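Visitor: pasting the sequence and the predicted coordinates here, then a few questions.
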Amino acid sequence: MLFTFCILAVFTSEVFTTDFGLLNQEHYDVYNAEAIYNQFYEKYGAQYNKEKTDHRLNVFKENLKKINKWNRESDSARFGVNQFTDLTFEEITRTYLGVRGNVSTNDAVLYTPKGLKGPESLDYRQHGYVTPVKNQGQCGSCYAFGAIGDVEGQYAKLHQTQAISLSEQQVVDCDSHSFGCSGGWPHWVFQALVGEGGSMRQEHYPYEAVQGQCRSDRSKIAVRVTGGYELKITSEDALKDALLQYGPLAIATYVGNQFFYYQGGVFNPTDCTEWGHALLLVGYGNDGMNDYWLIKNSWDTTWGEQGYMRLAMGQKACGIGAYVAHSIVA
């Protein structure tokens, strides 16, 4: 009986497992774009409510050409097909970028470096201060994911415990300072959470990728948030010092077309001109040739290196340090 089950399990696995090999290439055959597009649609169509049209195929084909060009020109990063490849740059920025307005520095608190001497490399995931990669979906809520990632990290670091997954949907629904799926700022989120009493667990207020009625429940607050503010960072050395001092930090950067199709390696961009996308800074390191920042995104594990980016350090790449925020938890 057990042997029969094993045979059936192997057989059904082989029948229903799809090989998406055409999506994972260093160079895409544009003349075979329709076959690549069909695999793309099979992988991402249902999850992202995509429509299979000639227009989308043409956009997809043009993006393949760009990806091929970037891969030829880059010696440290790789680019590839992901959930964005049938969208134009304007469509992506309109839907997924959730930090609105100019870089906010009027109320920022100047960070004075403490002269901390950290290790040669740092990865707060290894300390347990970072929750698994999440997916903001088709909602401009990156500000909520950056802010909640900061709160998760601050709490874990303060209490020397494993990070617990907190609710971004609570922010999208209840933060009256921000604009739901149309953007906001992480430091606004911290202020809102102070008023809410803190942050609920993800399991008690799951993510829906749309703004709805606020259902915050003070009896289910998992982490009490007592404050938070924007930090004015004057250099990348100061940013590293703040990362060592506080733990994972909410940040926002400029992005460009290359950013959306990043697949791995150290990203040294040439086109980061569009403000702004919120992320979580979780570490730094060196790959033997390049110093980099380690950044957690909220575009699922299909983007980047399982949801992470290594961004070139020392060149203000994508304006890193232009916006940094830090929460205070109890």
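Guide: Yep, it's here. Fair warning: this is a prediction, and the values are worked out from it, not measured in the lab.

Visitor: and stretch 35-49, which residues are buried?
Guide: The neighbour-count check on stretch 35-49 (16 or more other CB atoms under 10 Å) flags 36, 37, 39, 40, 41, 43, 44, 45, 48 as buried. Just so you know, the C-beta spots here come from the backbone N, C-alpha and C atoms, and that holds for glycine as well.

Visitor: how near is the second one to residue 43?
Guide: Computed as CB to CB, to the nearest Å, the residue 37 to residue 43 distance reads 11 Å.

Visitor: picking that back up, so which of the buried residues of stretch 35-49 sit within strands?
Guide: Members of the buried residues of stretch 35-49 lying in strands (criterion: DSSP state E): none.

Visitor: what's the farthest-apart pair in those?
Guide: 36 and 48 (16.7 Å; CB to CB).

Visitor: pLDDT below threshold where in the stretch 101-250 of the chain?
Guide: The stretch 101-250 of the chain contains residues with pLDDT under 70 at 101-105.

Visitor: touching, residue 83 and residue 48? I think so.
Guide: Yes: counting by CB atoms under 8 Å, residue 83 touches residue 48, with 5.6 Å between them.

Visitor: domain parsing for this protein?
Guide: With automatic domain parsing as the criterion, the domains of the chain are listed as 2-77, 96-329.

Visitor: closest one to residue 89 among those?
Guide: The minimum distance between residue 89 and those falls on domain 96-329, with 5.1 Å, by CB to CB.

Visitor: distance between the ends of that closest one?
Guide: End-to-end distance for domain 96-329, by CA to CA, to the nearest Å: 28 Å.

Visitor: quick one: it to chain centroid distance?
Guide: Centroid separation for domain 96-329 versus its chain: 8 Å, with CA atoms, centre = their mean, to the nearest Å.

Visitor: what about residue 225, how many residues nearby?
Guide: By other CB atoms under 10 Å, 27 other residues sit near residue 225.

Visitor: can you show me the helices along the protein?
Guide: Taking DSSP state H to define them, one finds helices in the chain at 2-16, 33-44, 54-73, 89-96, 142-159, 168-174, 186-196, 236-246, 257-260.

Visitor: residue 229 is nearest to which of these?
Guide: Nearest to residue 229 among those is helix 186-196 (5.6 Å), distances taken as CB to CB.

Visitor: what's in contact with the closest one?
Guide: Where contact means CB atoms under 8 Å, 6 or more residues apart in numbering, the residues beyond helix 186-196 that reach it are 104, 107, 143-144, 146-148, 150-151, 170-171, 174-178, 199, 216, 218, 221, 225-230, 250, 252, 278, 325, 327-328.
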